[in-house]
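> Have a look; sequence and predicted model below, questions after that.
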Amino acid sequence: MDTNKDGNKLIYVSGVLILFLLLAGCQGAKGGGPPGGVPEVSVVTVQPERVVLTTELPGRASAHLVAEVRPQVGGIIQKRLFTEGSDVKAGQVLYQIDPATYEAAYAAAKAALARAEGNVVSIRNRAQRYKELAPTNAVSKQDLDDVLAALAQAEAEIEANKAAVESARINLAYTSVKSPISGRIGKSNVTVGALVTANQPNPLAVIQQLDPIFVDATQSSANLLQLKRNLSSGKIRDGGPDKAKVRLVLEDGTPYGAEGILKFSDVTVDPSTGSVILRMVFPNPKHTLLPGMYVRAVIHEGVVPAAILVPQQAVSRDPKGNPVALIVNGSDKVEQRLLAIERPIENKWLVVSGLQAGDRVIVEGVQKVRPGVPVKVVPFQAGRNDGSTTAKAAPAPGKTQ
């Protein structure tokens, strides 16, 4: 009997102890929790703004003019009259071919012309006398015809010899190989003493005009069609005279100091790449740009007068890969919005649909909330250095966080 009483007493004491521990745990949990239990998020309020749209395209520099210097007569190179890698002027003599044989040919042609001109004098005098005697039948008509034919032949021979003299003179002049354009000349492919032939396939040297210089960039035909649609629909407005201006970024990432002009867009799409060629012209007085150099061209497309931009870190992807953002509604609760984004602009996304002016988009604190949860809103500060990602640290174009 005493044993039962002791057992009941032990059960009673155990129950009281468990109840006491539960109450103490609840009080501890209540005292250690955050005040109010509402998470804090940083937001930006969406406001439309004027945005200038640009496109960055890869390209290559190419010379404005290219001339391959080839001999127009054959012979032995006697002199090279330029410094490799220097600037040359149009008409400057670059090579001297041995002119001896061409001087002799020129002299022979002039002698043949002088002989023909000497022969024609007597024939012309005879023809004149026959013409005077013909009315009195002092000479036969046949004799007159013969002397007139001989005069015409002698005069034609003079013209032929004049042409031969001019040809010999031109060939002699071609022994001085001159620069056809002004520009920078490269290395010489021949040395003094080399034998060259007229119109040979291998050039003696190549001259390139580097100021101004062309830049050829490629743009996909799909982007070109999208741009035309946006312009026709009014989504993008024509930027006026500035739209033809182009800026360059060099291959080391530094901007090129001078602006260029967009000259034309090719009329043919490359079937292998689906792209078109855009040609631009840039001043190049210091020869910073060289033919074949890789560059990136920043082309002005147009202006969006009321663009919606949000920081890239405020946009994520749902399981289907669609871009989404969390906003705070008028009741200070979280909502999820499905977005349509067009392109990155610096560290922001250009939003086509899904947001409107006045929406409060959550930038920081996204991991702590979910749709329907009430939150405490604070303004987003882009310059904070608290270890969190800010709007200044944007991913590469085409990527989202």
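Noted; the coordinates are in hand.

> Need the CA coordinates for stretch 53-68. PDB is fine.
This file holds the C-alpha atoms of stretch 53-68, laid out as PDB (Å, rounded to 0.1, in the frame of the first residue of the first chain):
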ATOM      1  CA  LEU A  53      20.100  52.500 -76.000                       C
ATOM      2  CA  THR A  54      23.500  51.300 -77.400                       C
ATOM      3  CA  THR A  55      24.700  48.100 -78.900                       C
ATOM      4  CA  GLU A  56      28.200  46.700 -78.400                       C
ATOM      5  CA  LEU A  57      29.400  44.700 -81.400                       C
ATOM      6  CA  PRO A  58      32.700  42.900 -82.100                       C
ATOM      7  CA  GLY A  59      34.700  44.200 -85.100                       C
ATOM      8  CA  ARG A  60      38.000  44.400 -86.800                       C
ATOM      9  CA  ALA A  61      39.900  47.400 -88.100                       C
ATOM     10  CA  SER A  62      40.900  47.600 -91.800                       C
ATOM     11  CA  ALA A  63      42.800  50.100 -93.800                       C
ATOM     12  CA  HIS A  64      40.900  52.900 -95.600                       C
ATOM     13  CA  LEU A  65      43.000  52.300 -98.700                       C
ATOM     14  CA  VAL A  66      45.300  49.400 -99.700                       C
ATOM     15  CA  ALA A  67      47.700  49.400-102.600                       C
ATOM     16  CA  GLU A  68      49.900  46.500-103.600                       C
END
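
> what mean pLDDT does that stretch have?
The average pLDDT within stretch 53-68 is 89.

> How far off centre is it?
Chain-centre distance of stretch 53-68: 5 Å, with Cα atoms, centre = their mean, to the nearest Å.

> Sort out which residues of it are buried, please.
53, 54, 55, 57, 59, 61, 62, 63, 64, 67 (16 or more other Cβ atoms under 10 Å). Just so you know, the C-beta spots here come from the backbone N, C-alpha and C atoms, and that holds for glycine as well.

> Out of the residues you listed, which sit inside strands?
Under the assignment DSSP state E, the buried residues of stretch 53-68 contribute 53, 54, 55, 57, 59, 61, 62, 63, 64, 67 to strands.

> does the last one really touch residue 180, like I thought?
Same thing as residue 67. Yes: at 4.7 Å, residue 67 counts as touching residue 180 under the criterion of Cβ atoms under 8 Å.

> Common neighbours of those two, please.
residue 207 (Cβ atoms under 8 Å, 6 or more residues apart in numbering).

> domain assignment for this protein?
40-51+306-379, 54-63+209-304, 73-98+175-202, 100-173 (automatic domain parsing).

> lowest-confidence stretch among those?
domain 54-63+209-304 (a mean of 81).

> Count the neighbours of the residue nearest to residue 333 when sequence neighbours are not counted for me.
Nearest residue to residue 333 in three dimensions, chain neighbours excluded: residue 374, at 5.2 Å (Cβ to Cβ, 6 or more residues apart in numbering). Using other Cβ atoms under 10 Å, residue 374 has 14 other residues around it.

> show me the contacts for residue 374.
Neighbours of residue 374 in contact, by Cβ under 8 Å, 6+ apart: 38, 331, 332, 333, 334.

> and with 6 Å instead?
38, 332, 333 (Cβ atoms under 6 Å, 6 or more residues apart in numbering).

> quick one, strands of the stretch 1-150 of the chain?
40-45, 49-69, 75-80, 87-88, 93-97 (DSSP state E, counting those that start in this stretch).

> Which residue ranges of the chain form helices?
2-32, 100-133, 141-173, 221-233 (DSSP state H).

> Which elements pack onto the third one?
Read that as helix 141-173. Counting contacts by 3 or more Cβ pairs under 6 Å, 6 or more residues apart in numbering; DSSP states H and E, helix 141-173 is packed against helix 100-133.

> quick one: the helix it packs on to helix 141-173, angle?
160 degrees (axes from the mean of the first three to the mean of the last three Cα atoms, to 10 degrees).

> For residue 343, state which of the ones in strands among the buried residues of stretch 53-68 is nearest.
residue 53 (7.8 Å; Cβ to Cβ).

> Would you mind measuring from that closest one to residue 112?
With distances taken as Cβ to Cβ, to the nearest Å, residue 53 is found 73 Å from residue 112.
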